[in-house]
Structure formats: structure tokens, C-alpha cells
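> Whatever this is, show me its structure:
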Amino acid sequence: MASSAVSIGPPLPSLSHTHGSSSQGVSWTAVPWRASILIVVCRMVLVPAIGLGAVVLLRLAFPDFPPSMYLAMLMVTATPTANNIMVMAELAGENKQALSTCISLQYLAAPLVLTAAMFSFVAVVQS
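Coordinates of the predicted model:
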């Protein structure tokens, strides 16, 4: 029986077989500290704050939506950058160590920043 799959481009490489995969790990010198901190603050503080503002406006426009829906929207804005970004960087040939460092810093900050964000989100959604 013939396969009905259509190929749109070259096959994607497996990360476990590509040169320089995630085995290189984090390089704390790959990104300047100021830039690293700014990335974490923007992703973990500024983006959730913008999301919070958007949800407040949505609540005014659509007051009948369930609060759990707004909370879910807010939680998405507060989580660190997903590791699938690493896959895209790997495939694009970008600086994987710099990206790995930025993601790692976000995950290091997440216990404190994410807890504060969730506390704020629940307070806004319950009001």
C-alpha cells in the first residue's frame, strides 16, 4: 500500500542526531547579564502585566465569561518561554547557547515571579 503523505520540503533533522544539539547546554557568557535580566523581566513581568491589562478590558467588554477562562488566559502570559523555541533555533542554525541561557534564567526566576503573578491574577479574576 502506497503512502499518501505529501512532502513539502526536506525532512527535519532529529535533535538527537544534529551536530551541536542541546548537549552544549547553557553558557552563562553567551548573553550579557544586562540583556539576560532584561529578557527575563520583559518575558516574566512585562508580558503578564500587558496580559492583565488586556483581561481587565475584556472583562469590561464581556462580563459574562467565566472567571476561569480569564485565569487561563492570564496563566499563558506568565509562563516562561517554551522549550520548543530551542527546536526552532536548532533548525534555523541560531545561537542555541544564548537561547538556552535565556530560557534557563526564566525558569530560575519562575518560582518567585510566577507565584507573584498567579497571586495577582487570582485577585483580579475574583474581584
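
> residue nearest the centroid of the chain?
residue 81 (1.9 Å; C-alpha atoms, centre = their mean).

> how near is that one to residue 71?
21 Å (C-beta to C-beta, to the nearest Å). In this view, the C-beta of every residue, glycine as well, is placed from N, C-alpha and C.

> Tell me, what's the model's pLDDT at residue 48?
Per-residue confidence (pLDDT) for residue 48: 94.

> give me every residue that touches it.
For residue 48, the contacting residues are 74, 77-78, 117, 121, by C-beta atoms under 8 Å, 6 or more residues apart in numbering.

> Return the subset of these lying in helices.
74, 77-78, 117, 121 (DSSP state H).

> Output these in CSV, with distance to residue 30, neighbour count and pLDDT appended to each entry.
Putting the ones in helices among the contacts of residue 48 into CSV (distance: C-beta to C-beta, whole Å; neighbours: other C-beta atoms under 10 Å; pLDDT from 0 to 100) gives the following:
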residue, distance to residue 30, neighbour count, pLDDT
74, 31, 21, 92
77, 26, 19, 90
78, 25, 23, 90
117, 27, 23, 93
121, 32, 22, 93
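
> Make TSV out of those residues and add distance to residue 63.
Formatted as TSV, the ones in helices among the contacts of residue 48 follow (distance: C-beta to C-beta, whole Å):
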residue	distance to residue 63
74	17
77	21
78	23
117	23
121	18
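
> Out of the residues you listed, flag the one nearest to residue 93.
Nearest to residue 93 among the ones in helices among the contacts of residue 48: residue 77, at 29.3 Å, using C-beta to C-beta.

> Flag the shaky bits of the protein, pLDDT-wise.
1-24, 83 (pLDDT under 70).

> Kindly recompute the last result at 90.
Along the chain, the parts satisfying pLDDT under 90 run over 1-32, 36, 39, 63-65, 76, 79-104, 124-127.

> quick revisit: can you classify the nearest residue to the residue nearest to the centre of the chain once chain neighbours are set aside as helix, strand or coil?
With sequence-adjacent residues excluded and distances taken as C-beta to C-beta, 6 or more residues apart in numbering, residue 81 is closest to residue 103, at 5.4 Å. For residue 103, the assignment made with DSSP: H, G, I helix; E, B strand; the rest coil gives helix.
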